[in-house]
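# Build me a model:
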Amino acid sequence: MTDTVVAAAIAVPLIVGLVQVLKGLGVTDKYAPVAALIFGLLLSVVPAAIGTDGRAIFDAVVQGLILGLTAACLRVGPRGTLEG
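Coordinates of the predicted model:
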């Protein structure tokens with residue numbers, strides 16, 4: 001497996017957990033997908049921004065969006081499917 005796949009496999013559950021912590025602190029379900037996107041961006045952009053060029057940061061932004069959207073859908077997906 002590549003490093004990116006391993007990082008994504010670790011990051012998505014971490015993002016879901018961080019969103020759940022925020023919900024425990026009083027953040028409503030309405031803002032949970034936005035929080036997931038922000039956490040996804042932070043987890044990918046911050047490490048890439050340390051000593052790299054602009055192309056790596058762009059790639060990290062795309063990867064962060066994918067991670068955040070995956071975590072948001074993973075958190076809401078089964079519930080939305082069951083409720084119809």
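
# so how far is L18 from I10?
According to Cβ to Cβ, to the nearest Å, I10 and L18 sit 13 Å apart. Yep, even glycine has a C-beta here, placed from its N, CA and C like the rest.

# which of these two has more neighbours?
Higher neighbour count among I10 and L18: L18, with 18 against 11, using other Cβ atoms under 10 Å.

# ok, the more buried one - contacts?
Counting by Cβ atoms under 8 Å, 6 or more residues apart in numbering, L18 makes contact with A35, F39.

# Okay, and it sits in which element?
Using DSSP states H and E, L18 maps to helix 3-24.

# now the angle from the helix or strand following that helix to helix 3-24?
Helices and strands here follow DSSP H and E; after helix 3-24, the next one along the chain is helix 32-49. Helix 32-49 and helix 3-24 are oriented at 140 degrees to each other (axes from the mean of the first three to the mean of the last three Cα atoms, to 10 degrees).

# Which elements pack onto helix 32-49?
The helices and strands touching helix 32-49, judged by 3 or more Cβ pairs under 8 Å, 6 or more residues apart in numbering; DSSP states H and E, are helix 3-24, helix 54-83.

# For the chain, give me the ranges with low pLDDT.
1, 3-4, 51-54, 75-84 (pLDDT under 70).

# what's the closest of the helices and strands packed on helix 32-49 to P47?
Among these, the nearest to P47 by Cβ to Cβ is helix 54-83 (7.5 Å).
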